[in-house]
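K.L.:
Generate coordinates for the sequence data below:
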Amino acid sequence: MKNIIRVWVGLWLGLLLNLGGLAAAQNMDQFANALDLSDRVLTYTGYYGTAATAEPGEPAHAGSPAAHSVWFQYAAPADGVYAFGEWTNGSSARIAIYTGSAVTALTRVAQGVTRVVFKMQAGVRYHIALDTEGPDVYFLRAYPTGGADEMADALAIPADLPQRVHGNNMLATRSPTDEDLRPPYAPQYTVWWRWTAPATGAVRLDGRDSDFGPMVDVYEQVPGGTQIKKNTGLQTFGMLVTAGYQYWFRFDQFMDYGPGEINFWLEWMPTTPPPNDNIAAAIDLGNAPVACDGGWIFFATPEAGLPQEYMGLPQYGIPGDRTIWWKWTCPRSGHYRFSPRGSDWAPELLVYTGTPPAISIITGLQDPDGVRIQATAGVQYWVKLRDGQFRCTRSELNIHPAETETAYFKELDNRAMFRLQGAQRHPDADPDGDGICNQIELAFFTRPDSADFDNPRLPRLVSAGTGLWKLRWSPYSSYLTSPQGADLKLEAQTTSDLSGPWQTPPRLTEGTDIYSVMLPSGPRGFARLSLTDPNLALPP
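P.N.:
Residues are numbered from 1 along each chain as shown. Sure thing, here's the model as predicted:
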């Protein structure tokens, strides 16, 4: 049976939708009629579709004379870092931020193309000019405060764990005291936090919820002692900590990815070997066609007498492999993919058949995509994740049919897999409870683990003229075609009666990756999107 997942969007004219200030946007051509965004919940997105002009005395925006400007204003409720940008017109969209009370008497705060990042002071009214041809989708977002530019000013993380920590390095700089720990990647936009361990144990830091893949460096200080480098990692890692010691966390962008919003979890983790450390205790996944599970691998150990298990040289202080086990029975013959997608670091995945300890390897690979095998109905398969490089803290395992290949499970990595476990990672699961399942969230480039109603890519109803409405959406286009060319089928349908029949009207292209369909005219209309993933069809 195919896994068909639908998003439903309905409209009762005059009752349902706040359309993001759409009507007001038609008057935004003049500075005096700027759309006030102060009462909006950020991140706020909106759309305007009328041609705009310049007005006498208007300043040049981002180095070019005003031509097609629309105006917004915003009074920030708190000091902070904000960004105003647009989605549709790229390099042709010029943005400028001002203070002042008249179009002929403005003081420029910041300017740029496509997106501008700037500081706002609470209570000050800022005027924003967006100068671009044609329709556009715009957004205003606030970045969470947190993270200090200097190590000496590092912000304290509460001792009790787990803690979710927020911040940004949008306007951060490299401090003269920032140590260069990776000569090819000198510090660029560093921010700091500190934490005092209330107990001895092991902690895991997971920063994959950030806008970019951060580099994280840790310093440790014994009470009364000096700071020493403790750990250098990329976005996720585990480490041992000692009660009373203080730890500093330095976040920076990785190569050219960033800066941006920083979000990370700091949490305790078990300090004992996992329950499935040995093959005799392998977790049984049954015969589900789609199975997802995970486990702590940080303190796992090798098992003597099994193939592909390096025992190390403990007499010389050389540790052996970290390995954990699952078993799965194939429900129906066909191709299946086994992957460690979502793991902190890609461990090696190996698949075996046989009766322990006399098991025979079918295949094995250290790759986030894992392996694809021809599985036979009724046969039990043993799956091992092995971390011989000691970079993985929590590992994840995904098994799913793979007669065709789509990008869905490949997307279940950093963004989608953060904090999600087991069945929460299934395509039709909705772990954040926003009414949009995982697969639809990924198709529209939103987060499966965090409700994201304001993302302009999500399906939404917009005005199409007096008494007319349309459903607009903007899928993440590269997701909708797999490397093997098996398209996910994204289809829009409309009706004037929920009992049907449903029609499939022509899809309209409004811009780069922006599509819509017209709803039926009349007192009410409904629209729905269905996304069909052929990869999740069971093999015949």
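
K.L.:
Now tell me what touches stretch 179-188 from outside.
P.N.:
Stretch 179-188 has contacts (Cβ atoms under 8 Å, 6 or more residues apart in numbering) with 174-175, 178, 215, 217, 229, 232, 250, 252-255, 259. No exception for glycine: its C-beta is placed from N, CA and C like everyone else's.

K.L.:
Buried ones in that stretch, by neighbour count?
P.N.:
For stretch 179-188, a neighbour-count test (16 or more other Cβ atoms under 10 Å) marks 187-188 as buried.

K.L.:
Likewise for stretch 206-213?
P.N.:
Residues of stretch 206-213 classed as buried by neighbour count (16+ other Cβ under 10 Å): 206-213.

K.L.:
Likewise for stretch 281-301?
P.N.:
Result for stretch 281-301 [16+ other Cβ under 10 Å]: buried residues 282-283, 285, 289-301.

K.L.:
related to what we said a few turns ago, farthest-apart pair in the contacts of stretch 179-188, please.
P.N.:
The largest separation in these, counting by Cβ to Cβ, is between Lys229 and Pro259 at 22.7 Å.

K.L.:
The stretch 51-200 of the chain: strands as residue ranges?
P.N.:
Using DSSP state E, counting those that start in this stretch, the strands found in the stretch 51-200 of the chain span residues 69-75, 80-86, 94-102, 105-113, 115-120, 125-131, 136-142, 155-156, 163-168, 191-196.

K.L.:
The fifth one packs against which elements?
P.N.:
Under the contact criterion of 3 or more Cβ pairs under 8 Å, 6 or more residues apart in numbering; DSSP states H and E, the helices and strands touching strand 115-120 comprise strand 80-86, strand 94-102, strand 105-113.

K.L.:
partner strands of that strand, parallel or antiparallel?
P.N.:
strand 80-86 (antiparallel) (DSSP bridges).

K.L.:
Name the next helix or strand following the helix or strand of the chain with the lowest mean pLDDT along the chain.
P.N.:
Least confident helix or strand, the chain: helix 22-25 with a mean of 37, by mean pLDDT, DSSP states H and E. Using DSSP states H and E, the helix or strand that follows helix 22-25 in sequence is strand 35-36.

K.L.:
count of neighbours near His127?
P.N.:
21 (other Cβ atoms under 10 Å).

K.L.:
ok, now which ones touch Glu491?
P.N.:
Contacts of Glu491 (Cβ under 8 Å, 6+ apart): 504, 529-530, 532.

K.L.:
Point out where the stretch 301-450 of the chain drops to low pLDDT.
P.N.:
Residues of the stretch 301-450 of the chain meeting the criterion pLDDT under 70: 406-407, 414-416.

K.L.:
now the helices for the stretch 401-540 of the chain?
P.N.:
Assigned helices in the stretch 401-540 of the chain, in chain order: 408-411, 414-417, 438-443 (criterion: DSSP state H, counting those that start in this stretch).

K.L.:
For Asn278, which of those is the nearest?
P.N.:
helix 414-417 (25.9 Å).

K.L.:
follow-up on the earlier one: Trp325: which of the buried residues of stretch 281-301 is nearest?
P.N.:
The closest of the buried residues of stretch 281-301, once distances to Trp325 are taken by Cβ to Cβ, is Ala282, at 3.8 Å.

K.L.:
how close does that closest one get to Gly295?
P.N.:
According to Cβ to Cβ, to the nearest Å, Ala282 stands 11 Å off from Gly295.

K.L.:
anything in contact with each of the two?
P.N.:
With Cβ under 8 Å, 6+ apart as the test, Ala282 and Gly295 both reach Asn276.
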